[in-house]
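Enquirer: Sharing a model that was predicted from the sequence below.
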Amino acid sequence: WNFVVSLKREDAQRLGYDNTKVWRNLVTQKSLAMAKEMRIKPENLVWYGAFHNEGHHPHTLMQRYYDGENVANLVEEYNIQISPAHLYRCFPPMVCNDYICDYCHVPLVINRPSRSASKYAMYKKDLYCAICGHKPFQIQCTCINCRNKEEQLRKEQIEEIKKFYSQQTNRIVFSGLSFRNKVYLGALCRACLKEDLYEIVPYVETNEHLTPTDHLSRALYASLIHTNAISVSPDSSLDAFDCKNEKFPNEYDVFKVTYYLNLLFPENKQPLFTEILNPNYYSHEYKEEALALWKEIAIEECIAYLKYQLQKVNFEFNPGEKTYKIFEIILEDYSVSQIYGIIWKAVADAARLYLEKGISKKHAANSVIGACERFADRAKLNNWDLTHYNRIRDLPESALSAFYFNRVLGIGEMGFKMPPTIL
């Protein structure tokens, strides 16, 4: 049902219904009787009231507006203090009985269009509840009810995270970790450990350069999580989780969660943290593992520099297995600092080919790694003494590199200036 009850001005004055208060009292008192007469439940009755104390009836104003009469003349005739272009904004919204507010259980409304826009279709996304402002067809409604619902959902999700990650896991003995994981954990602690010597700050909240590439950083976290050396903190931010994922909360962004050290701590933690942060565990028995880790870090430093130089000339390139293998081979004879020079020359040559020969950017970018390989082969064959390049400000030494070469191996910059080798 949708109907309008309206009185002429003279009848309203004669009956005493000449102000908003008496109209509201009347409808409130008679609402149950109206619902009964219309054979609907009282809770389903929705009424709107508007009191117009003007000499002209507003319903005719709307009709005349949409019939095309001069708007300026209408504004003047009805003595409305508004710009003619904005007159339509004063009109009451249209009630759409086919759509009901999820919260207030009343029909949704939609604002009336301007005369020029009235010939176009109206969209469901513009429907809203006149009581609470709910917009059910918007991608993200910001009405108070939706905000409260979302806040309640967030609280439930946070509690689910706390419950899931508060489960106890077996504590790990630091001395039982592999050489690689000891190094990984030491680098992570130096970069992200909180003052409480227990929690690890989310990587995205630090200014640290943990490893040369995100690829290696993710591998570092994955290795430590797999061995239970670190565990996700139940106090991690909800933003670290994809709440719409069916595996929630079991999947998360490794760079956004907070971790805690899942180590078996002695009563006095200081000696353990001395061993973690200022290690002396390297010995000749770890020579093969140490060499493999050195190569891994060196390859990632070459990859980082390659991508940096390609980006400078607006070339896109995603290194694959071939690129990694070629750098591994070149590192048998040359250091990272020397390979910096090889990469710089190869990228410069590719950029020149792109400009002078008109080849595509993709072709030019793909030619770089092959050029690096050929130049390294010629340098080795002719016994060239290649120049050592320095690190650049945009690619500072990572926390892993500094910790490994300075603290674990004790060779400092030689980790950058000499080919990986057994010490």
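Expert: Done, it's in.

Enquirer: Let's verify Lys287: helix, strand, or coil?
Expert: helix (DSSP: H, G, I helix; E, B strand; the rest coil).

Enquirer: For it, which non-adjacent residue is closest in space?
Expert: Excluding its sequence neighbours, the residue lying closest to Lys287 (C-beta to C-beta, 6 or more residues apart in numbering) is Ile422, at 4.9 Å. Quick note: C-beta positions are derived from backbone N, CA and C, even for glycine.

Enquirer: can you check Val22 too?
Expert: Gly16 (6.4 Å).

Enquirer: Over to Ala346?
Expert: Ala371 (3.9 Å).

Enquirer: repeat for Ala12
Expert: Asp18 (5.5 Å).

Enquirer: The one you found belongs to a strand, doesn't it?
Expert: No. Judged by three-state DSSP, Asp18 forms no part of a strand; its state is coil.

Enquirer: Now do it: how many residues are near it, please.
Expert: Neighbours of Asp18 under the rule other C-beta atoms under 10 Å: 14.

Enquirer: Over to it: give its phi and psi.
Expert: Asp18 adopts backbone torsions of phi -120, psi 20, taken as degrees, to the nearest 10.

Enquirer: Could you report the separation of it from Asn25?
Expert: Going from Asp18 to Asn25 by C-beta to C-beta, to the nearest Å gives 13 Å.

Enquirer: On the three-state scheme, the residue nearest to Lys287 is what?
Expert: Ile422 ends up coil, using three-state DSSP.

Enquirer: how about it, what does it touch?
Expert: Taking C-beta atoms under 8 Å, 6 or more residues apart in numbering, we find Ile422 in contact with Lys287, Glu288, Ala290, Leu291.

Enquirer: With Gly412 as the reference, measure out to the nearest residue to the last one once chain neighbours are set aside.
Expert: Nearest in space to Leu291, with sequence neighbours left out and distances taken as C-beta to C-beta, 6+ apart, is Ile422 at 5.3 Å. In this structure, Ile422 and Gly412 are separated by 18 Å, where distance is defined by C-beta to C-beta.

Enquirer: Not including adjacent chain positions, what is the nearest residue to Lys361?
Expert: Excluding its sequence neighbours, the residue lying closest to Lys361 (C-beta to C-beta, 6+ apart) is Phe315, at 5.5 Å.

Enquirer: for Glu300, same thing?
Expert: Nearest non-adjacent residue to Glu300, counting by C-beta to C-beta, 6+ apart: Pro212, 4.1 Å away.

Enquirer: Tell me if I am right that the one you found is in a helix.
Expert: No. Pro212: not assigned to a helix; according to three-state DSSP it is coil.

Enquirer: Contact partners for it?
Expert: By C-beta under 8 Å, 6+ apart, the residues touching Pro212 are Ile297, Glu300, Glu301, Ile303, Ala304, Leu395, Ser398, Leu400, Ser401.

Enquirer: number of nearby residues for Met357?
Expert: Actually, residue 357 is Lys. It isn't Met. Number of residues near Lys357 (other C-beta under 10 Å) recorded here: 9.

Enquirer: oh sorry, the question was meant for Cys302
Expert: Neighbourhood size, Cys302 [other C-beta under 10 Å]: 27.

Enquirer: And it, how far from Ala191?
Expert: Distance from Cys302 to Ala191, by C-beta to C-beta: 22 Å.

Enquirer: before we move on, what about Ala365?
Expert: Noted for Ala365: a distance of 32 Å to Ala191, by C-beta to C-beta.

Enquirer: Also Leu423?
Expert: Taking C-beta to C-beta, one finds Leu423 at 24 Å from Ala191.

Enquirer: what does the average pLDDT come to for stretch 257-274?
Expert: Across stretch 257-274, pLDDT averages out at 93.

Enquirer: Just the residues contacting it, thanks.
Expert: Counting by C-beta under 8 Å, 6+ apart, 169, 171-174, 189, 193, 197-202, 228-233, 235-237, 240-241 sit against stretch 257-274.

Enquirer: what's the span of that stretch, first residue to last?
Expert: End-to-end distance for stretch 257-274: 25 Å, by C-alpha to C-alpha, to the nearest Å.

Enquirer: can you check stretch 392-399 too?
Expert: Stretch 392-399 end-to-end distance (C-alpha to C-alpha) = 15 Å.

Enquirer: Could you pull up phi and psi at the residue nearest to Lys287?
Expert: Per degrees, to the nearest 10, the backbone of Ile422 is at phi -80, psi 130.

Enquirer: before we move on, what about Ser401?
Expert: Dihedral angles for Ser401 - degrees, to the nearest 10 - are phi -60, psi -50.

Enquirer: wait, it sits on Ala298?
Expert: No. Judged on C-beta atoms under 8 Å, Ser401 makes no contact with Ala298 at a distance of 9.0 Å.

Enquirer: which neighbours do the two share?
Expert: Joint contacts of Ser401 and Ala298 (C-beta under 8 Å, 6+ apart) are Gly415.

Enquirer: Run through the neighbouring helices and strands of the biggest strand by length in the chain.
Expert: When the chain is parsed with DSSP state E, its longest strand is strand 94-100. On a contact count with 3 or more C-beta pairs under 8 Å, 6 or more residues apart in numbering; DSSP states H and E, strand 94-100 meets strand 107-110.

Enquirer: Number of residues surrounding Ser231?
Expert: When neighbours are defined as other C-beta under 10 Å, Ser231 has 20 of them.

Enquirer: Just the element for it, please.
Expert: Ser231 is part of strand 230-232, with elements assigned from DSSP states H and E.

Enquirer: Describe which strands the following helix or strand past that strand pairs with in its sheet and in which direction.
Expert: The helix or strand immediately downstream of strand 230-232 is strand 259-261, counting by DSSP H and E. Applying DSSP bridges, strand 259-261 is found paired with strand 199-200 (antiparallel), strand 230-232 (antiparallel).

Enquirer: what ranges of the protein fall below the confidence cut-off?
Expert: 1-4, 9, 47-59 (pLDDT under 70).

Enquirer: how about the residue most central in space within it, what does it touch?
Expert: For the chain, the residue nearest the mean C-alpha position is Asp239 (7.8 Å; C-alpha atoms, centre = their mean). Asp239 makes contacts with Lys256, as judged by C-beta under 8 Å, 6+ apart.

Enquirer: Tell me the spacing between it and Cys101.
Expert: 30 Å.
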